[in-house]
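Got a sequence here, can you model it:
(one chain, ligands or ions: 2)
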Amino acid sequence: MSRKKTSKSKAGSAPATSALPAANGPRPVRPGTARPCPEAPPNGPPQPGWSSIGGGGDFYDVAFKVMLVGDSGVGKTCLLVRFKDGAFLAGTFISTVGIDFRNKVVDVDGMKVKLQIWDTAGQERFRSVTHAYYRDAHALLLLYDVTNKASFDSIQAWLTEIQEHAQDDVVLMLLGNKVDSAQERAVKREDAEKLAKDYGLPFMETSAKTGLNVDLAFTAIAKELKQRSTKAPSEPRFRLHDYIKREGRGSSCCRP
Ligand SMILES: Nc1nc2c(ncn2[C@@H]2O[C@H](COP(=O)(O)OP(=O)(O)OP(=O)(O)O)[C@@H](O)[C@H]2O)c(=O)[nH]1
Ligand SMILES: [Mg+2]
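Ligands and ions are numbered 1, 2, ... in the order given. You can find the predicted model right below:
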C-alpha cells in the first residue's frame with residue numbers, strides 16, 4: 001500500500017448523497033462500508049478567518065474524518081487537545097468559534113491511520129455552519145458532560161441532527177466527559193448506559209483532564225474504520241463494543 005503524507009491545508013466538507021434513516025427510534029450502529037478520505041478531503045468552501053491548527057508531517061496509509069459534536073462546554077476541544085498533545089486546557093473556557101481540525105496518525109495493527117479530527121462549536125449559533133461538515137464524516141464522537149444534566153438531555157436532539165445530516169453508515173460513539181468531577185456528577189452512568197443501549201451506541205465515560213479513556217475512544221474509532229475499509233478476510237472481525245468494554249477503565253458499552 002502506498003504511503004501518503006498528511007496535508008497541512010484546511011479542508012471543508014463535500015455534500016454526500018445519503019443520510020441516516022429518518023426514524024427517531026433506536027438506531028443501531030451499522031456495520032458499513034466506510035470510505036477512506038481521499039488525499040485532499042473534498043471539503044466545501046474554505047472558511048476565511050478561522051484558524052487552522054491541522055497539520056503534521058507523518059506518513060499514513062489511510063485517512064478518515066472524525067467529528068466531535070455535543071453541547072457547548074462539554075469538553076470537545078479539551079478532548080481533542082488531550083488526544084493530540086497529551087495536555088489539558090485548564091482555566092478559562094474559550095468556546096470554539098465555527099469549526100477547526102487537527103490531524104493525528106495512529107498505528108492500527110501495523111497500518112498508519114490518519115484521523116482528521118474536526119472540532120465543532122457546540123453553540124447553537126454555529127449549528128448551520130457545522131451541519132455541512134457532517135456529510136463526509138466517517139465517525140462522530142457525541143459528547144455530553146457528566147456534571148451537566150442539560151447536556152445529557154440534549155443527546156436525543158443531537159442524534160436527530162446526526163440522522164438528518166450524517167451518512168447512514170457513520171460510526172457513532174457516545175462519550176460522557178468530565179468523569180473526574182465525581183462530586184459534581186449530575187448524570188448517572190446507568191442512565192447513559194440505558195440510552196446507549198436503546199440506540200445501540202458504544203459508550204464510555206472519559207476525562208480530558210486526566211486522560212481517562214481518551215486514547216481508547218479514538219483508537220477504537222480508528223480500528224473500526226480501518227477494518228471497514230480494508231475488509232481483509234483473514235483478519236478477525238473487529239468488534240467496537242467488545243473492544244471498549246474490554247479495554248475501557250471504569251467504563252462500559254451497551255449492545256441493543
Ligand atoms: N474537570 C474537567 N473539566 C473539563 C474537562 N474537559 C473540559 N473541561 C473544562 O470544560 C470547559 C469547556 O471545555 P471545552 O473543551 O472548551 O468545551 P467545548 O465542548 O469545546 O465547548 P464549545 O467549543 O463551546 O463547543 C473548559 O473550562 C475545560 O477546562 C474534563 O474532562 N474534566
Ligand atoms: Mg470547543
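
Point out the residues in the stretch 51-200 of the chain that sit beside ligand 2.
For the stretch 51-200 of the chain, the contact set with ligand 2 under C-beta under 5 Å from the ion comprises K76, T77, T96. From N, CA and C alone the C-beta is placed, and that goes for glycine too.

Test my guess that the second one contacts D85.
So that's T77. No. Between T77 and D85 there is no contact under C-beta atoms under 8 Å: 11.5 Å.

Spell out, range by range, the helices that occur in the stretch 101-250 of the chain.
Ranges of helices within the stretch 101-250 of the chain are 127-134, 149-153, 155-165, 189-199, 214-230, 240-247, based on DSSP state H, counting those that start in this stretch.

now those helices in CSV, with mean neighbour count?
Output for the helices of the stretch 101-250 of the chain, formatted as CSV (neighbours: other C-beta atoms under 10 Å):
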stretch, mean neighbour count
helix 127-134, 17
helix 149-153, 17
helix 155-165, 17
helix 189-199, 17
helix 214-230, 22
helix 240-247, 17
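
can you put those in CSV and add distance to D109 and mean pLDDT?
CSV is the format used below for the helices of the stretch 101-250 of the chain (distance: least, C-beta to C-beta, whole Å; pLDDT from 0 to 100):
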stretch, distance to D109, mean pLDDT
helix 127-134, 28, 91
helix 149-153, 34, 98
helix 155-165, 28, 96
helix 189-199, 26, 96
helix 214-230, 7, 93
helix 240-247, 12, 82
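
Export these as CSV, with columns for distance to D119.
Putting those into CSV (distance: least, C-beta to C-beta, whole Å) gives the following:
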stretch, distance to D119
helix 127-134, 10
helix 149-153, 16
helix 155-165, 15
helix 189-199, 22
helix 214-230, 13
helix 240-247, 21
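
Go through the ones you listed and name the closest to G91.
helix 214-230 (18.9 Å; C-beta to C-beta).

the inter-axis angle of that closest one versus helix 240-247?
Calculated by axes from the mean of the first three to the mean of the last three C-alpha atoms, to 10 degrees, helix 214-230 forms an angle of 150 degrees with helix 240-247.

Now do helix 214-230: distance to the chain's middle.
Centroid separation between helix 214-230 and its chain, computed with C-alpha atoms, centre = their mean, to the nearest Å, is 10 Å.

So which elements touch that helix?
Applying 3 or more C-beta pairs under 8 Å, 6 or more residues apart in numbering; DSSP states H and E, we find helix 214-230 packed against strand 62-70, helix 76-85, strand 99-108, strand 111-120, strand 139-145, strand 171-177, helix 240-247.

what are the pairing partners of the fourth one, and which direction each?
Its sheet considered, strand 111-120 pairs with strand 62-70 (parallel), strand 99-108 (antiparallel) by DSSP bridges.

One more: the fifth one?
Using DSSP bridges, the neighbouring strands of strand 139-145 in the sheet come out as strand 62-70 (parallel), strand 171-177 (parallel).

follow-up on the earlier one: in terms of packing, which of T77 and D85 has more residues around it?
More neighbours surround T77 than the other of T77 and D85, with 22 against 11 (other C-beta atoms under 10 Å).

Return the residues in contact with the more buried one.
L68, L89, I94, T96, D119 (C-beta atoms under 8 Å, 6 or more residues apart in numbering).

Counting neighbours, what do you get for the closest residue to the fourth one other than its chain neighbours?
I take that to be T96. Spatial nearest neighbour of T96, chain neighbours left out: A121 (4.4 Å); criterion: C-beta to C-beta, 6 or more residues apart in numbering. The tally of other residues near A121 (other C-beta under 10 Å) stands at 20.

Hmm, A121 is touching Y133, no?
No. Between A121 and Y133 there is no contact under C-beta under 8 Å: 10.8 Å.
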